[in-house]
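1. below are the sequence and a predicted model for it; my questions follow.
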Amino acid sequence: MVLPHSRTHDIAQMLERKGVIKNALVFEFDLRIRGLADKIKAGEYAIPSEAPMRAVAAILVAGKSIQHKLTAAEGLTSEMIWRLVQKDDVLTGDAGPVPPEGTLLPETYLFTRGETRAHLLAKMAKAQDVFLAQKWEARASGLPLASIREAVILASIVEKETSHPEERRHIAAIFINRLKMGMRLQTDPTIIYDLTKGYPLGRGIRQSELAAATPHNTYVIAGLPPSPICNPGKDSITAVLAPETSADLYFVATGHGGHAFAATIAEQERNVAAYRAFERQQQPLESGPESRQVTVSERVENPAVPVPDAATPKLPALHNKRARHHK
C-alpha cells in the first residue's frame with residue numbers, strides 16, 4: 001500500500017521491509033536516474049513474487065491499484081445497501097444517512113482501498129440518475145406515470161413480484177393496465193414493506209394485515225404507494241417504461257416457478273384451481289382464519305376484482321373474507 005504524499009525514499013524502504021525488492025537504495029537510485037521518482041502513484045498494489053525491480057517500478061508508476069468490489073443486488077432496500085457499505089472494511093469514513101428508498105442503482109461497483117463509504121453511495125445514486133434519465137427519455141407513449149419517481153415506485157413492485165427476468169415486462173403490463181383502469185394494484189410486497197421494511201416476513205400475510213390501512217398497502221390505497229419499496233434493477237425499470245402489449249389483468253403462481261397470466265376473472269379462477277391442485281399434491285393444507293399460508297414469491301390468487309367502467313373508473317371494494325391473496 002503506497003500512501004498519498006509518500007516520499008520516494010520511504011516507499012523504497014517499505015518495499016524492502018516487505019521483501020518486494022532486495023535493496024531500497026538501488027531501487028530509489030534507479031527511479032531517480034530514470035526520472036520516475038515523482039511519478040509513483042498512491043494505491044494498493046498486487047506485485048508478483050520475485051518481480052524484477054524495474055517491473056515493480058512500472059506497476060507503481062502505472063498506478064493500477066487493486067480493484068475491490070461491492071455488489072448491491074436488485075431488490076435490496078436502501079437500508080440494506082447502506083449496511084453493506086457501512087460494514088465493508090476496505091472503504092473508509094462514515095456512510096452518512098441512509099439514502100431515500102429507490103435512489104440507488106443495483107450493480108457491482110469497483111473501488112480502490114481508501115475510497116469513502118459516502119462517495120460509493122453517491123456513485124450508486126449518480127448511476128441511478130443517469131440510467132433513469134436515459135430510459136425515461138425513451139419510454140413508451142401513453143404510460144400512466146407522471147414522473148420518473150412514479151416509474152421507480154412501480155419498478156420496485158415489479159422487482160419484488162418475480163425473480164424471472166422474462167416475466168417482468170408482462171407483469172409490468174398488468175400493473176400498467178390496472179393503473180389505467182382505476183383498479184387497485186393489490187400486491188403483497190407492498191404490505192410486507194410496511195411490516196418489515198423489506199426484510200422477509202417469514203410467514204403468510206394475515207387477513208388483518210391485508211385490510212390494514214398502512215401507507216404502502218395497495219389492497220387499501222388507490223394507485224401507486226407513496227414511495228418505492230426497494231431499489232429496482234435495470235431490467236425492472238426497463239420493463240415498466242417499455243412494458244409488453246397485453247390485455248392481462250391477473251397473474252398467479254404456477255408452483256413450478258413463474259406465473260400463469262389471465263385477462264379475465266374466469267381464466268384467473270382456472271389458473272388458481274390449477275395451483276390449488278398442485279398445492280394439495282405438495283403439502284397438507286393448514287387451517288387458521290388469520291393466516292394465509294403463502295410465501296412472498298408464490299402469490300396464489302387475484303380476488304375477483306370487477307373491472308370498473310373505463311369512462312368513470314371506480315375502485316373495487318375490499319372484501320373482508322378473502323381466502324387467499326392477490327393478483
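-> Structure's in. What do you need?

2. and the gap between L25 and E50?
-> According to CB to CB, to the nearest Å, L25 stands 20 Å off from E50. Glycine gets a C-beta too; all of them are placed from N, C-alpha and C.

3. let me redo that: V20
-> The value you get for V20 to E50, if CB to CB is used, is 10 Å.

4. okay, those two: which has more neighbours?
-> Between V20 and E50, V20 has the larger neighbour count (other CB atoms under 10 Å), namely 21 against 8.

5. list the contacts for the more buried one?
-> Contacts of V20 were listed using CB atoms under 8 Å, 6 or more residues apart in numbering, and they are I47, A51, V56.

6. pass me the low-pLDDT residue ranges in this structure, would you?
-> 283-327 (pLDDT under 70).

7. same thing but 80
-> 282-327 (pLDDT under 80).

8. ranges for the strands of it?
-> In chain order, the chain shows strands spanning 68-71, 108-111, 250-253, 259-262, with DSSP state E as the criterion.

9. got the ones you listed as CSV, with distance to S78 columns?
-> Putting the strands of the chain into CSV (distance: least, CB to CB, whole Å) gives the following:
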stretch, distance to S78
strand 68-71, 14
strand 108-111, 15
strand 250-253, 27
strand 259-262, 27
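
10. in TSV: those strands, plus mean neighbour count.
-> Rendered in TSV, the data for the strands of the chain read as follows (neighbours: other CB atoms under 10 Å):
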stretch	mean neighbour count
strand 68-71	14
strand 108-111	14
strand 250-253	26
strand 259-262	22
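
11. roughly how far apart are G233 and S163?
-> As judged by CB to CB, G233 and S163 stand 11 Å apart.

12. so which residues of the protein form helices?
-> 8-17, 24-33, 53-62, 78-87, 117-137, 148-161, 168-181, 188-196, 207-211, 234-241, 265-282 (DSSP state H).

13. count of residues packed around the residue lying closest to R32 once chain neighbours are set aside?
-> In space, R32 comes closest to T8 once its chain neighbours are excluded; the distance is 7.3 Å by CB to CB, 6 or more residues apart in numbering. Burial measure for T8: 16 neighbouring residues, criterion other CB under 10 Å.

14. I'd like to know how far T8 sits from E244.
-> Looking at T8 against E244, where the rule is CB to CB, the gap reads 62 Å.

15. with A273 instead?
-> Relative to E244, A273 is positioned 25 Å away (CB to CB).

16. which one's more surrounded, the two?
-> Shown here are A273 and E244; by other CB under 10 Å, E244 has more neighbours (16 against 11).

17. was I right to think that one contacts I176?
-> No - under the criterion of CB atoms under 8 Å, E244 lies out of contact with I176, with a separation of 9.3 Å.

18. output stretch 249-261 as CSV - backbone C-alpha positions only.
-> Provided in CSV are the C-alpha atoms of stretch 249-261 (Å, rounded to 0.1, in the frame of the first residue of the first chain):
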residue,chain,number,x,y,z
LEU,A,249,-55.1,-8.1,-15.5
TYR,A,250,-54.2,-11.1,-13.3
PHE,A,251,-51.4,-13.5,-12.5
VAL,A,252,-50.9,-16.4,-10.2
ALA,A,253,-48.0,-18.7,-9.2
THR,A,254,-47.9,-22.0,-11.0
GLY,A,255,-46.0,-23.9,-8.4
HIS,A,256,-43.4,-24.8,-10.9
GLY,A,257,-41.6,-21.4,-10.9
GLY,A,258,-43.1,-18.4,-12.6
HIS,A,259,-46.7,-17.3,-13.1
ALA,A,260,-49.7,-18.0,-15.2
PHE,A,261,-51.4,-14.9,-16.6
